[in-house]
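Engineer: okay, structure incoming, though there's no sequence with it:
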């Protein structure tokens, strides 16, 4: 994609919203969550090569830690996707991927935006804003439609030292029509610290949480009831320095219009 389509925005940059949701650590759904709806999925598109992304990373880290819980927010599942289109600026983001750039481009098209930019937050696949605009982000989360959290139970295995197998079984708790939807599984990592000797963040120590390292499709579903049991397994290839204690798995349902219809997450077992 031509560089002219990209922008790096600060808090005062362009923004627009649409909607979002949040989920807890276990597959069990609390009574209040069951009554009001499940978690809101918050996706940050960021880059270590963008000067304004670290501020957005701090906001979403605080969000994921629960620092805004007094603001009457719904629960959230936070995922950070590091794009690769700022790598030419002098610093190659170690977590950047063209796969995440493609994901962001799909949202740009679905939300009818004029440009791709970082830092950008997408809420429930329906609303978006500049990632370091705290007020806009919290408003988008509050306004987001909520759906029942899926009731997946997860089991984890290490078939080889370099792979992780995640098996899931449960109900989506949301009916899927004949347009279909994908059940996606993300493996993400928190507590990452990077010395940045070059680029727009030269000389800074960058902290990143909820960084998506792998994303796989569990299955595609079509014309199923909310109570139908879904089963499947995904296999993740692991990276050098993988530590299960820093990683989580998120499951979310996304339709062909890129809208989210439920999400939940799991902390990996201590012994994995």
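Structural biologist: Received the coordinates, thanks. Every value quoted in this text rests on a predicted model; they were computed, and no experiment measured them.
Engineer: so which residue is dead centre in this structure?
Structural biologist: Nearest to the mean C-alpha position of the chain, by CA atoms, centre = their mean, lies residue 79 at 2.4 Å.
Engineer: quick check: bridge partners of it?
Structural biologist: Beta bridges link residue 79 to residue 43 when assigned by DSSP bridges.
Engineer: again with residue 220
Structural biologist: residue 182.
Engineer: residues touching it, list them.
Structural biologist: 180, 181, 182, 183 (CB atoms under 8 Å, 6 or more residues apart in numbering). C-betas here are computed from N, CA, C, even on glycine.
Engineer: which one (most neighbours) among those residues?
Structural biologist: residue 181 (24 neighbours; other CB atoms under 10 Å).
Engineer: where's the closest residue to that residue other than its chain neighbours relative to residue 262, distance?
Structural biologist: Nearest non-adjacent residue to residue 181, counting by CB to CB, 6 or more residues apart in numbering: residue 255, 4.5 Å away. Per CB to CB, to the nearest Å, residue 255 is found 11 Å from residue 262.
Engineer: these two - which one has more neighbours?
Structural biologist: Using other CB under 10 Å as the criterion, residue 255 and residue 262 rank with residue 262 on top: 28 against 15.
Engineer: for the more buried one, helix, strand, or coil?
Structural biologist: strand (DSSP: H, G, I helix; E, B strand; the rest coil).
Engineer: circling back to that earlier point, turn the contacts of residue 220 into a markdown table, including distance to residue 245 and pLDDT.
Structural biologist: Listed next are the contacts of residue 220 as a markdown table, based on distance: CB to CB, whole Å; pLDDT from 0 to 100:
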| residue | distance to residue 245 | pLDDT |
| --- | --- | --- |
| 180 | 36 | 95 |
| 181 | 32 | 97 |
| 182 | 29 | 98 |
| 183 | 26 | 98 |
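Engineer: residue 174: which of those residues is nearest?
Structural biologist: Among these, residue 181 lies closest to residue 174 (CB to CB), at 8.6 Å.
Engineer: how close does the closest one sit to residue 214?
Structural biologist: Distance of residue 181 to residue 214, given as CB to CB: 20 Å.
Engineer: thought the residue nearest to the centre of the chain was touching residue 43?
Structural biologist: Yes - under the criterion of CB atoms under 8 Å, residue 79 makes contact with residue 43 at 5.1 Å.
Engineer: distance of the residue nearest to the centre of the chain relative to residue 195?
Structural biologist: Separation of residue 79 from residue 195 (CB to CB): 24 Å.
Engineer: shaky segments in this structure?
Structural biologist: By pLDDT under 70, the low-scoring segments of the chain are 1-5, 9-36.
Engineer: in it, which spans are helices?
Structural biologist: Read by DSSP state H, the chain holds these helices, from start to end of the chain: 31-36, 53-65, 98-110, 134-143.
Engineer: out of the ones you listed, nearest to residue 247?
Structural biologist: Nearest of the helices of the chain to residue 247, taken as CB to CB: helix 53-65 at 13.7 Å.
Engineer: identify the bridge partners of residue 165.
Structural biologist: residue 157, residue 235.
Engineer: burial measure for it, as a count.
Structural biologist: Neighbours of residue 165 under the rule other CB under 10 Å: 14.
Engineer: go ahead and confirm it touches residue 237.
Structural biologist: No - applying CB under 8 Å as the test, residue 165 and residue 237 come out as separate, 10.9 Å apart.
Engineer: quick check: neighbours shared by the two?
Structural biologist: Here residue 165 and residue 237 have no joint contacts, going by CB under 8 Å, 6+ apart.
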